[in-house]
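>>> Got a predicted structure plus its sequence, pasted below:
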Amino acid sequence: MNKRQEAVDFMLDFMPAVQRSPGVASVREGTRGEMFVLEFVRSRGQALPGEISRAMQVSTARIAAVLGQLEAKGLLVRTPFKEDLRKVTVSLTAAGEETIRAHYEKMRSHVSEIFCLLGEEDSDELIRILKRVKAIIDQQIAEQA
């Protein structure tokens, strides 16, 4: 096996390992896409359920269920349009904003711990390489558009 194939095999093994890491797994536990919905709405100020459905590539019925769960938890509100009461906009509550803040703080803490264990030199090298990887991915995405 050549070095490139070893690298490919490593990355294919590495990515699921990151998803199983304690910090990531604990944040994802029980959310069933809820954090994605909260972040999507936060990034736009408000959103339509159809926009969320398209972004997540799931059915509108699934989004309706997630929105119902989040609303029951007090994390977002659905507000009907005045012109058409069948349509709603979704926006976050203060509790929803706090949930996102706590989520990112937990993730930051986990990543910070990894960088502390890596040390400064290896952390700098990792960031340098990841920036190159991100630039390549961004270029590939732009070329597909």
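Sure thing, it's come through.

>>> hang on, Val77 is in a strand, isn't it?
Yes: applying DSSP: H, G, I helix; E, B strand; the rest coil, one finds Val77 inside a strand.

>>> Just give me the neighbour total for Val77.
16 (other Cβ atoms under 10 Å). To be clear about C-beta, it is placed using only N, CA and C from the backbone, and glycine gets the same treatment.

>>> For it, give me its contacts.
Val77 sits next to 71, 90-93 when contact means Cβ atoms under 8 Å, 6 or more residues apart in numbering.

>>> Can you list the residue ranges for strands in the protein?
With DSSP state E as the criterion, the chain has strands at 76-80, 88-92.

>>> what separates the residue most central in space within the chain from Ile127, distance-wise?
Per Cα atoms, centre = their mean, the C-alpha nearest to the average position across the chain is that of Phe36, at 5.0 Å. Phe36 sits 25 Å away from Ile127, going by Cβ to Cβ, to the nearest Å.

>>> For this protein, give me the ranges with low pLDDT.
Counting by pLDDT under 70, the chain shows low-confidence ranges at 23-32.
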